[in-house]
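*Asks:* Below are the sequence and a predicted model; questions follow.
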Amino acid sequence: MPILPASPTDFNIIRSAYAELTVTDLEASRAHYVDLLGLVESARTEDALYLRALEERQHHCLVLRQAQRPAVNALGFKVSCEEDLGRLEAHFRRLGLPAVYVQKEFQGRTLRARDPQGMPLEFFHRMDPVERMLQRFDLYRGAHVMRIDHLNCMVADVQAAHDFYARQLGFRVSEYTETDAADPQLWAAWMHRKGNVHDLALMNGDGPRLHHVGMWVENGLDLIRICDIFAAAHLTDRLERGPGRHGLSNAMFLYVRDPDGHRTELYTGDYQTMDPDFEPIRWSVNDVRRQTFWGHKAPECWFLEASEFVWNGEPVPRQPARLSERPAIAT
Ligand SMILES: [Fe+2]
């Protein structure tokens with residue numbers, strides 16, 4: 001099945017910028033993300049915690065909101081100017097997809113829309129500026145998380161989702177995974193706007209669900225340090241997979257689970273993709289080096305468990321994965 005070139009758009013999505021998750025115990029979440037992982041607390045409101053990473057000048061890259069059950073309220077994307085929001089609104093409406101403006105604390109006008117798979121998206125241009133902590137080395141802790149890097153989603157039909165993000169929103173493919181059938185099927189697509197490997201990963205699975213939020217760390221040793229920190233805190237159950245090196249993306253990684261099961265990937269060391277003649281890189285779903293370059297297999301929970309989306313307070317219905325192929329899992 002084809003990988004499509006990005007279609008030109010009259011708006012400019014800059015990058016993935018935040019995720020808003022619901023959590024069942026804000027204090028437990030704060031201990032995980034701030035005290036252990038080392039994110040910076042930008043604000044605490046009655047029902048939410050706003051976090052950012054060390055190099056970020058914008059108010060938040062992760063919003064944790066108190067709720068009865070863990071879920072995902074929104075995936076946030078920054079656009080290049082205020083006028084882009086009106087163009088995006090018109091575009092979503094032309095496609096027959098919901099798009100409304102909502103008030104969000106600490107950020108400007110925000111367009112809330114829904115993609116054809118049912119994923120809740122938010123687009124904004126302005127966010128409150130905050131102090132950049134990049135050179136506050138005295139405050140570094142945990143995994144030395146520098147910035148949000150990407151959002152990874154499981155979707156039932158990767159081809160359809162890829163087609164939407166390439167044709168309608170101008171996302172480019174850096175690397176992709178196909179089945180080995182005579183008529184190869186698209187199993188995963190890593191898509192970007194900012195010029196590294198991805199802003200949005202689409203992966204075959206029951207969905208739509210958020211698989212993980214990817215956070216950029218300073219270097220590979222940060223992954224070792226955070227393993228030691230979780231182990232010392234008797235929280236080894238939060239270390240789900242890694243450290244390792246991905247074949248796809250070449251990045252070093254570690255996957256951790258928060259107290260509600262939301263997954264974060266600590267990630268570093270991918271590469272640039274902004275050349276217009278960049279050729280997307282193909283992987284077979286059966287290539288053992290694809291998921292971990294060194295051949296280590298992911299645990300089954302990594303393929304099965306993910307966070308559900310909500311839209312207007314209701315869970316977004318989950319569709320079964322279209323493709324039955326699955327990479328090898330650890331036994
Ligand atoms: Fe990732």
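*Replies:* Right, received. Where do you want to start? Predicted model, so just to flag it, every value in this text is computed and none were measured.

*Asks:* use CA for all of it now, contacts and neighbours both
*Replies:* Fine.

*Asks:* Now do the contacts for the residue nearest the centre of the chain.
*Replies:* Geometric centre of the chain, nearest residue: Leu151, 1.1 Å, by Cα atoms, centre = their mean. Going by Cα atoms under 8 Å, 6 or more residues apart in numbering, Leu151 touches 16, 19, 75, 199-201, 210-214.

*Asks:* Now tabulate the residues you listed in JSON lines and tack on pLDDT and distance to Ser307.
*Replies:* Shown next, in JSON lines, are the contacts of Leu151 (pLDDT from 0 to 100; distance: Cα to Cα, whole Å):
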{"residue": "Ser16", "pLDDT": "98", "distance to Ser307": "18"}
{"residue": "Ala19", "pLDDT": "99", "distance to Ser307": "12"}
{"residue": "Leu75", "pLDDT": "98", "distance to Ser307": "12"}
{"residue": "Asp199", "pLDDT": "98", "distance to Ser307": "18"}
{"residue": "Leu200", "pLDDT": "98", "distance to Ser307": "15"}
{"residue": "Ala201", "pLDDT": "98", "distance to Ser307": "15"}
{"residue": "Leu210", "pLDDT": "98", "distance to Ser307": "5"}
{"residue": "His211", "pLDDT": "98", "distance to Ser307": "6"}
{"residue": "His212", "pLDDT": "98", "distance to Ser307": "8"}
{"residue": "Val213", "pLDDT": "98", "distance to Ser307": "11"}
{"residue": "Gly214", "pLDDT": "98", "distance to Ser307": "14"}
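
*Asks:* These: which two are farthest apart?
*Replies:* Ser16 and His211 (14.8 Å; Cα to Cα).

*Asks:* Show me which of these two is the more surrounded one.
*Replies:* Neighbours of Ser16 and His211, each counted by other Cα atoms under 10 Å, are more numerous for His211; the result is 27 against 24.

*Asks:* quick check: mean pLDDT across stretch 33-52?
*Replies:* Stretch 33-52 shows a mean pLDDT of 98.

*Asks:* quick one: buried residues of it?
*Replies:* Across stretch 33-52, burial judged by 16 or more other Cα atoms under 10 Å covers 33-34, 36-42, 48-52.

*Asks:* So which of those residues sit within strands?
*Replies:* 40-42, 48-52 (DSSP state E).

*Asks:* want to throw the residues you listed into TSV with distance to Arg114?
*Replies:* Shown next, in TSV, are those (distance: Cα to Cα, whole Å):
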residue	distance to Arg114
Val40	29
Glu41	29
Ser42	27
Ala48	23
Leu49	24
Tyr50	23
Leu51	24
Arg52	25
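
*Asks:* now the helices: where do they sit in the stretch 1-150 of the chain?
*Replies:* All helices of the stretch 1-150 of the chain, identified by DSSP state H, counting those that start in this stretch, fall at 26-30, 82-94.
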